[in-house]
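K.L.:
sequence and computational prediction follow.
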Amino acid sequence: EDQAGQAAFDAIIAEDSRIEPRDWMPEGYRKTLVRQISQHAHSEIVGMQPEANWITRAPSLKRKAILMAKVQDEAGHGLYLYSAAETLGTPREKMTEDLIAGKARYSSIFNYPTRSWADMGAIGWLVDGAAICNQVPLCRASYGPYGRAMVRVCKEESFHQRQGFEILLELANGTEAQKQMAQDAINRWYAPSLMMFGPPDDNSPNSQQSMKWNIKRFSNDELRQRFVGMIFEQVKVLGLTLPDDQIRFNEETGKWEHGPLDWDEFKEVLAGRGPCNAQRLARRREAHENGAWVREAAAAYAAKQARKTEV
Ligand code: FAQ
(Lines give C-alpha, C1' and ligand atoms only; values in the text may rest on other atoms or scores of the structure.)
Protein backbone atom coordinates (compact mmCIF):
# COMPACT_ATOMS: atom_id res chain seq x y z
CA GLU A 1 0.00 0.00 0.00
CA ASP A 2 2.91 2.30 0.80
CA GLN A 3 4.30 1.75 -2.67
CA ALA A 4 1.04 2.66 -4.35
CA GLY A 5 0.70 5.60 -1.95
CA GLN A 6 4.18 6.83 -2.74
CA ALA A 7 3.51 6.60 -6.48
CA ALA A 8 0.27 8.55 -6.15
CA PHE A 9 2.00 11.14 -3.97
CA ASP A 10 4.87 11.51 -6.42
CA ALA A 11 2.41 11.99 -9.28
CA ILE A 12 0.56 14.74 -7.41
CA ILE A 13 3.81 16.55 -6.64
CA ALA A 14 5.06 16.10 -10.23
CA GLU A 15 1.96 17.73 -11.67
CA ASP A 16 2.22 20.50 -9.06
CA SER A 17 -1.15 19.62 -7.62
CA ARG A 18 -2.28 19.44 -4.00
CA ILE A 19 -1.97 16.88 -1.23
CA GLU A 20 -5.01 16.77 1.05
CA PRO A 21 -5.24 15.47 4.65
CA ARG A 22 -6.64 12.04 3.72
CA ASP A 23 -4.05 11.38 1.00
CA TRP A 24 -1.16 9.06 1.66
CA MET A 25 2.03 11.00 2.31
CA PRO A 26 5.59 10.06 3.26
CA GLU A 27 6.35 10.40 6.98
CA GLY A 28 9.08 12.93 6.22
CA TYR A 29 6.63 15.17 4.37
CA ARG A 30 4.16 15.01 7.25
CA LYS A 31 6.90 15.74 9.76
CA THR A 32 8.35 18.70 7.91
CA LEU A 33 4.91 20.22 7.48
CA VAL A 34 4.03 19.83 11.16
CA ARG A 35 7.39 21.40 11.97
CA GLN A 36 6.95 24.38 9.67
CA ILE A 37 3.23 24.98 10.24
CA SER A 38 3.43 24.66 14.03
CA GLN A 39 6.42 27.02 14.14
CA HIS A 40 4.50 29.40 11.98
CA ALA A 41 1.45 29.19 14.27
CA HIS A 42 3.59 29.75 17.38
CA SER A 43 5.17 32.78 15.68
CA GLU A 44 1.78 34.36 15.13
CA ILE A 45 0.77 33.82 18.75
CA VAL A 46 4.06 34.87 20.36
CA GLY A 47 4.20 37.69 17.79
CA MET A 48 1.18 39.26 19.47
CA GLN A 49 3.31 40.19 22.47
CA PRO A 50 5.72 42.82 21.11
CA GLU A 51 2.84 44.84 19.70
CA ALA A 52 0.44 44.24 22.58
CA ASN A 53 3.12 46.05 24.57
CA TRP A 54 2.03 49.32 22.91
CA ILE A 55 -1.77 49.00 22.87
CA THR A 56 -2.20 50.95 26.11
CA ARG A 57 0.22 53.62 24.94
CA ALA A 58 -0.95 54.13 21.37
CA PRO A 59 -0.88 57.88 20.61
CA SER A 60 -4.57 58.17 19.68
CA LEU A 61 -7.86 56.30 19.88
CA LYS A 62 -7.66 55.59 16.15
CA ARG A 63 -4.15 54.14 16.40
CA LYS A 64 -5.21 52.06 19.38
CA ALA A 65 -8.21 50.59 17.53
CA ILE A 66 -6.05 49.76 14.50
CA LEU A 67 -3.33 48.14 16.61
CA MET A 68 -5.85 46.07 18.56
CA ALA A 69 -7.36 44.83 15.30
CA LYS A 70 -3.93 43.91 13.99
CA VAL A 71 -2.98 41.96 17.10
CA GLN A 72 -6.32 40.13 16.94
CA ASP A 73 -5.61 39.27 13.31
CA GLU A 74 -2.37 37.59 14.42
CA ALA A 75 -4.36 35.47 16.88
CA GLY A 76 -6.64 34.46 14.02
CA HIS A 77 -3.66 33.50 11.86
CA GLY A 78 -2.31 31.37 14.68
CA LEU A 79 -5.63 29.56 14.97
CA TYR A 80 -5.92 28.80 11.23
CA LEU A 81 -2.39 27.50 11.30
CA TYR A 82 -2.89 25.28 14.35
CA SER A 83 -5.95 23.87 12.58
CA ALA A 84 -3.94 23.23 9.42
CA ALA A 85 -1.27 21.45 11.47
CA GLU A 86 -3.93 19.38 13.27
CA THR A 87 -5.07 17.94 9.93
CA LEU A 88 -1.67 16.20 9.89
CA GLY A 89 -2.47 14.37 13.10
CA THR A 90 -0.75 16.44 15.79
CA PRO A 91 -3.17 17.83 18.38
CA ARG A 92 -3.00 21.50 19.22
CA GLU A 93 -2.49 20.72 22.93
CA LYS A 94 0.70 18.86 22.05
CA MET A 95 2.00 21.81 20.00
CA THR A 96 1.14 24.24 22.79
CA GLU A 97 2.80 22.04 25.42
CA ASP A 98 5.97 21.95 23.34
CA LEU A 99 5.92 25.71 23.00
CA ILE A 100 5.47 26.51 26.66
CA ALA A 101 8.04 23.88 27.62
CA GLY A 102 10.54 25.78 25.46
CA LYS A 103 10.89 22.83 23.06
CA ALA A 104 9.34 24.42 19.97
CA ARG A 105 10.65 27.12 17.69
CA TYR A 106 8.98 30.36 16.73
CA SER A 107 10.35 33.17 14.60
CA SER A 108 13.55 34.79 15.87
CA ILE A 109 12.09 38.24 15.20
CA PHE A 110 9.70 38.15 18.14
CA ASN A 111 12.54 37.97 20.63
CA TYR A 112 13.46 41.62 20.12
CA PRO A 113 12.03 44.41 22.32
CA THR A 114 9.61 47.11 21.15
CA ARG A 115 11.14 50.27 22.60
CA SER A 116 9.11 53.09 21.07
CA TRP A 117 5.86 53.78 19.25
CA ALA A 118 7.84 53.92 16.01
CA ASP A 119 8.53 50.22 16.48
CA MET A 120 4.88 49.59 15.64
CA GLY A 121 5.61 51.24 12.30
CA ALA A 122 8.85 49.33 11.74
CA ILE A 123 7.25 46.00 12.64
CA GLY A 124 4.36 46.60 10.25
CA TRP A 125 6.58 47.74 7.42
CA LEU A 126 9.59 45.44 7.85
CA VAL A 127 8.36 42.41 9.80
CA ASP A 128 5.00 42.07 8.09
CA GLY A 129 6.70 43.02 4.83
CA ALA A 130 9.17 40.15 5.22
CA ALA A 131 6.33 37.85 6.26
CA ILE A 132 4.43 38.68 3.04
CA CYS A 133 7.49 38.13 0.89
CA ASN A 134 7.98 34.71 2.51
CA GLN A 135 4.31 33.76 2.59
CA VAL A 136 2.98 34.73 -0.83
CA PRO A 137 4.84 31.77 -2.39
CA LEU A 138 3.50 29.58 0.44
CA CYS A 139 -0.03 30.16 -0.94
CA ARG A 140 1.08 27.62 -3.54
CA ALA A 141 2.45 25.13 -0.99
CA SER A 142 1.61 21.58 -2.02
CA TYR A 143 -0.25 20.84 1.20
CA GLY A 144 -3.83 22.10 0.65
CA PRO A 145 -4.82 23.30 4.13
CA TYR A 146 -1.55 25.24 4.54
CA GLY A 147 -1.71 26.90 1.12
CA ARG A 148 -5.35 27.89 1.57
CA ALA A 149 -4.71 29.34 5.04
CA MET A 150 -1.90 31.43 3.56
CA VAL A 151 -4.20 33.16 1.09
CA ARG A 152 -6.24 34.88 3.77
CA VAL A 153 -3.24 35.43 6.00
CA CYS A 154 -1.43 37.26 3.19
CA LYS A 155 -4.38 39.54 2.52
CA GLU A 156 -4.44 40.58 6.15
CA GLU A 157 -0.66 40.95 6.26
CA SER A 158 -0.86 43.39 3.36
CA PHE A 159 -3.11 45.63 5.40
CA HIS A 160 -0.73 45.30 8.34
CA GLN A 161 2.20 46.35 6.22
CA ARG A 162 0.39 49.42 4.91
CA GLN A 163 -0.58 50.49 8.42
CA GLY A 164 3.05 50.15 9.55
CA PHE A 165 4.35 52.11 6.61
CA GLU A 166 1.80 54.82 7.27
CA ILE A 167 2.87 55.14 10.92
CA LEU A 168 6.46 55.63 9.76
CA LEU A 169 5.43 58.08 7.04
CA GLU A 170 3.60 60.24 9.55
CA LEU A 171 6.52 60.19 11.99
CA ALA A 172 9.00 60.87 9.19
CA ASN A 173 7.03 63.99 8.27
CA GLY A 174 6.62 65.10 11.89
CA THR A 175 8.98 66.87 14.26
CA GLU A 176 12.73 66.24 14.20
CA ALA A 177 12.35 64.03 17.30
CA GLN A 178 9.64 61.96 15.63
CA LYS A 179 11.74 61.54 12.51
CA GLN A 180 14.65 60.39 14.68
CA MET A 181 12.41 57.92 16.46
CA ALA A 182 11.33 56.42 13.12
CA GLN A 183 14.94 56.18 11.92
CA ASP A 184 16.01 54.54 15.17
CA ALA A 185 13.26 51.93 14.84
CA ILE A 186 14.29 51.11 11.27
CA ASN A 187 17.92 50.85 12.35
CA ARG A 188 17.02 48.28 15.01
CA TRP A 189 14.54 46.18 12.98
CA TYR A 190 16.37 46.04 9.65
CA ALA A 191 18.82 43.18 10.30
CA PRO A 192 16.47 41.04 12.42
CA SER A 193 13.81 41.30 9.69
CA LEU A 194 16.31 40.04 7.10
CA MET A 195 17.09 37.10 9.37
CA MET A 196 13.44 36.09 9.40
CA PHE A 197 14.05 34.40 6.04
CA GLY A 198 16.23 31.84 7.78
CA PRO A 199 19.92 30.91 7.50
CA PRO A 200 21.87 31.42 4.25
CA ASP A 201 21.21 28.77 1.61
CA ASP A 202 24.48 26.93 2.20
CA ASN A 203 23.45 26.47 5.82
CA SER A 204 19.75 25.67 5.41
CA PRO A 205 19.33 21.92 5.99
CA ASN A 206 15.61 21.77 5.19
CA SER A 207 15.39 23.89 2.06
CA GLN A 208 16.30 21.41 -0.63
CA GLN A 209 13.82 18.74 0.39
CA SER A 210 11.07 21.28 1.10
CA MET A 211 11.55 22.70 -2.39
CA LYS A 212 11.38 19.23 -3.95
CA TRP A 213 8.09 18.70 -2.16
CA ASN A 214 6.75 22.06 -3.41
CA ILE A 215 6.35 23.35 0.12
CA LYS A 216 8.94 26.08 -0.29
CA ARG A 217 9.08 27.62 -3.76
CA PHE A 218 12.17 29.79 -3.30
CA SER A 219 15.28 29.52 -1.17
CA ASN A 220 15.86 31.64 1.93
CA ASP A 221 18.46 33.86 0.19
CA GLU A 222 16.31 34.33 -2.91
CA LEU A 223 13.42 35.68 -0.85
CA ARG A 224 15.73 37.77 1.34
CA GLN A 225 17.34 39.52 -1.62
CA ARG A 226 13.95 40.17 -3.15
CA PHE A 227 12.79 41.79 0.11
CA VAL A 228 15.90 43.98 0.28
CA GLY A 229 15.12 45.29 -3.21
CA MET A 230 11.59 46.17 -2.17
CA ILE A 231 12.47 48.06 1.00
CA PHE A 232 15.42 49.81 -0.68
CA GLU A 233 12.93 51.60 -2.91
CA GLN A 234 10.23 52.10 -0.26
CA VAL A 235 12.53 53.72 2.31
CA LYS A 236 13.11 56.58 -0.14
CA VAL A 237 9.43 57.50 0.09
CA LEU A 238 9.88 57.82 3.84
CA GLY A 239 12.89 60.09 3.39
CA LEU A 240 14.76 57.79 5.80
CA THR A 241 17.62 55.32 5.31
CA LEU A 242 18.41 51.65 5.84
CA PRO A 243 21.40 50.96 8.14
CA ASP A 244 23.29 49.15 5.37
CA ASP A 245 25.42 51.03 2.84
CA GLN A 246 26.21 47.88 0.87
CA ILE A 247 22.79 47.41 -0.69
CA ARG A 248 23.03 47.37 -4.47
CA PHE A 249 21.41 45.77 -7.48
CA ASN A 250 23.86 43.47 -9.23
CA GLU A 251 23.18 43.89 -12.95
CA GLU A 252 25.04 40.70 -13.80
CA THR A 253 23.13 38.36 -11.52
CA GLY A 254 19.90 40.37 -11.60
CA LYS A 255 19.83 40.16 -7.81
CA TRP A 256 19.96 42.54 -4.89
CA GLU A 257 22.89 42.38 -2.51
CA HIS A 258 23.19 43.56 1.07
CA GLY A 259 25.83 43.86 3.78
CA PRO A 260 26.78 40.94 6.06
CA LEU A 261 24.37 39.81 8.78
CA ASP A 262 25.38 38.68 12.26
CA TRP A 263 24.56 34.98 12.09
CA ASP A 264 26.05 34.40 15.53
CA GLU A 265 23.36 36.63 16.93
CA PHE A 266 20.75 34.60 15.00
CA LYS A 267 22.10 31.36 16.52
CA GLU A 268 21.96 32.84 19.99
CA VAL A 269 18.33 33.87 19.52
CA LEU A 270 17.44 30.39 18.20
CA ALA A 271 19.18 28.85 21.19
CA GLY A 272 16.83 30.79 23.48
CA ARG A 273 19.32 33.50 24.41
CA GLY A 274 17.94 36.49 22.52
CA PRO A 275 17.00 39.75 24.27
CA CYS A 276 13.40 38.73 25.07
CA ASN A 277 13.18 34.92 24.73
CA ALA A 278 12.69 34.30 28.45
CA GLN A 279 10.10 37.04 28.81
CA ARG A 280 8.12 35.90 25.75
CA LEU A 281 7.93 32.31 26.97
CA ALA A 282 7.07 33.28 30.53
CA ARG A 283 4.26 35.49 29.26
CA ARG A 284 2.98 32.74 26.95
CA ARG A 285 3.02 30.21 29.79
CA GLU A 286 1.18 32.60 32.10
CA ALA A 287 -1.49 33.27 29.46
CA HIS A 288 -1.93 29.53 28.96
CA GLU A 289 -2.38 28.94 32.69
CA ASN A 290 -4.79 31.85 33.02
CA GLY A 291 -6.84 30.42 30.18
CA ALA A 292 -7.22 26.96 31.75
CA TRP A 293 -10.73 27.68 33.06
CA VAL A 294 -11.89 28.75 29.59
CA ARG A 295 -10.66 25.50 28.04
CA GLU A 296 -12.27 23.46 30.83
CA ALA A 297 -15.59 25.29 30.47
CA ALA A 298 -15.55 24.92 26.68
CA ALA A 299 -14.78 21.18 26.95
CA ALA A 300 -17.55 20.66 29.54
CA TYR A 301 -20.01 22.52 27.34
CA ALA A 302 -19.03 20.49 24.27
CA ALA A 303 -19.44 17.24 26.22
CA LYS A 304 -22.90 18.33 27.40
CA GLN A 305 -23.93 19.19 23.84
CA ALA A 306 -22.65 15.83 22.62
CA ARG A 307 -24.72 14.00 25.26
CA LYS A 308 -27.82 15.94 24.21
CA THR A 309 -27.50 14.90 20.58
CA GLU A 310 -26.94 11.25 21.60
CA VAL A 311 -30.46 10.90 23.03
N1 FAQ B 1 13.45 32.00 13.42
O2 FAQ B 1 16.62 24.71 7.07
P3 FAQ B 1 16.02 26.02 7.40
C4 FAQ B 1 4.67 36.22 11.22
C5 FAQ B 1 15.16 27.39 11.91
S6 FAQ B 1 5.99 35.93 10.22
C7 FAQ B 1 13.52 30.84 14.11
O8 FAQ B 1 16.20 27.13 6.43
P9 FAQ B 1 13.17 25.92 6.81
C10 FAQ B 1 3.77 37.41 10.92
C11 FAQ B 1 14.35 26.37 11.14
O12 FAQ B 1 13.10 26.18 11.72
C13 FAQ B 1 7.04 34.75 11.06
N14 FAQ B 1 13.95 29.69 13.58
O15 FAQ B 1 14.46 25.79 7.74
C16 FAQ B 1 3.61 38.32 12.06
C17 FAQ B 1 15.24 25.17 11.23
O18 FAQ B 1 15.14 24.60 12.52
P19 FAQ B 1 14.37 23.17 12.77
C20 FAQ B 1 6.62 33.33 10.90
C21 FAQ B 1 14.33 29.71 12.28
O22 FAQ B 1 12.02 25.51 7.62
C23 FAQ B 1 4.03 39.63 12.00
C24 FAQ B 1 16.63 25.79 11.17
O25 FAQ B 1 16.48 27.14 11.57
N26 FAQ B 1 6.69 32.90 9.54
O27 FAQ B 1 4.53 35.49 12.12
C28 FAQ B 1 14.26 30.87 11.51
O29 FAQ B 1 13.39 25.26 5.51
C30 FAQ B 1 3.89 40.50 13.07
C31 FAQ B 1 17.23 25.69 9.78
O32 FAQ B 1 16.56 26.52 8.82
C33 FAQ B 1 6.94 31.61 9.21
O34 FAQ B 1 7.13 30.76 10.06
C35 FAQ B 1 13.82 32.06 12.12
N36 FAQ B 1 13.74 33.22 11.47
O37 FAQ B 1 13.07 27.50 6.51
C38 FAQ B 1 3.00 37.90 13.25
C39 FAQ B 1 6.93 31.28 7.74
N40 FAQ B 1 14.71 30.58 10.28
O41 FAQ B 1 12.92 23.43 12.46
C42 FAQ B 1 2.86 38.77 14.36
C43 FAQ B 1 6.89 29.81 7.46
C44 FAQ B 1 15.04 29.28 10.28
O45 FAQ B 1 14.98 22.19 11.81
C46 FAQ B 1 3.32 40.09 14.26
N47 FAQ B 1 8.18 29.19 7.61
N48 FAQ B 1 14.83 28.77 11.49
O49 FAQ B 1 14.60 22.88 14.20
C50 FAQ B 1 9.12 29.16 6.62
O51 FAQ B 1 8.93 29.70 5.55
C52 FAQ B 1 10.39 28.41 6.90
O53 FAQ B 1 10.16 27.54 7.99
C54 FAQ B 1 11.61 29.32 7.18
C55 FAQ B 1 12.83 28.44 7.53
C56 FAQ B 1 11.95 30.15 5.94
C57 FAQ B 1 11.37 30.26 8.36
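P.N.:
Right, received. Where do you want to start? Residues are numbered from 1 along each chain as shown.
K.L.:
wait, residue 238 sits on residue 168?
P.N.:
Yes. With contacts counted by CB atoms under 8 Å, residue 238 reaches residue 168, the gap being 5.5 Å. Yep, even glycine has a C-beta here, placed from its N, CA and C like the rest.
K.L.:
those two - which one has more neighbours?
P.N.:
Counted by other CB atoms under 10 Å, residue 238 and residue 168 do not tie: residue 168 has more neighbours, with 28 against 20.
K.L.:
out of everything not next to it in sequence, what's closest to that one?
P.N.:
residue 121 (3.8 Å; CB to CB, 6 or more residues apart in numbering).
K.L.:
so that neighbour sits against residue 164, correct?
P.N.:
Yes. Residue 121 is in contact with residue 164 according to CB under 8 Å; the separation is 5.1 Å.
K.L.:
could you check which residue of the stretch 1-150 of the chain lies nearest the ligand?
P.N.:
Closest to the ligand within the stretch 1-150 of the chain is residue 47: 2.6 Å, counting by CB to the nearest ligand atom.
K.L.:
any chance you could map the helices in the stretch 1-150 of the chain?
P.N.:
Applying DSSP state H, counting those that start in this stretch to the stretch 1-150 of the chain gives helices spanning 2-14, 27-46, 48-52, 61-86, 92-100, 118-122, 128-135, 144-172.
K.L.:
pick the most buried one from those helices.
P.N.:
helix 118-122 (a mean of 27; mean count of other CB atoms under 10 Å).
K.L.:
tell me how many other residues crowd the residue nearest to residue 108 when sequence neighbours are not counted.
P.N.:
Nearest residue to residue 108 in three dimensions, chain neighbours excluded: residue 269, at 4.5 Å (CB to CB, 6+ apart). Residue 269 has 21 neighbours, counted by other CB under 10 Å.
K.L.:
and residue 269, that's in a strand?
P.N.:
No. In this structure, residue 269 is helix, not part of a strand, as judged by DSSP: H, G, I helix; E, B strand; the rest coil.
K.L.:
which residues touch it?
P.N.:
108, 111, 277 (CB atoms under 8 Å, 6 or more residues apart in numbering).
K.L.:
from what I can see residue 44 touches residue 81, true?
P.N.:
Yes. Contact criterion CB under 8 Å: residue 44 and residue 81 qualify, at 6.4 Å.
K.L.:
related to what we said a few turns ago, residue 307: which of the helices of the stretch 1-150 of the chain is closest?
P.N.:
Of all these, helix 92-100 sits nearest to residue 307, with 22.2 Å by CB to CB.
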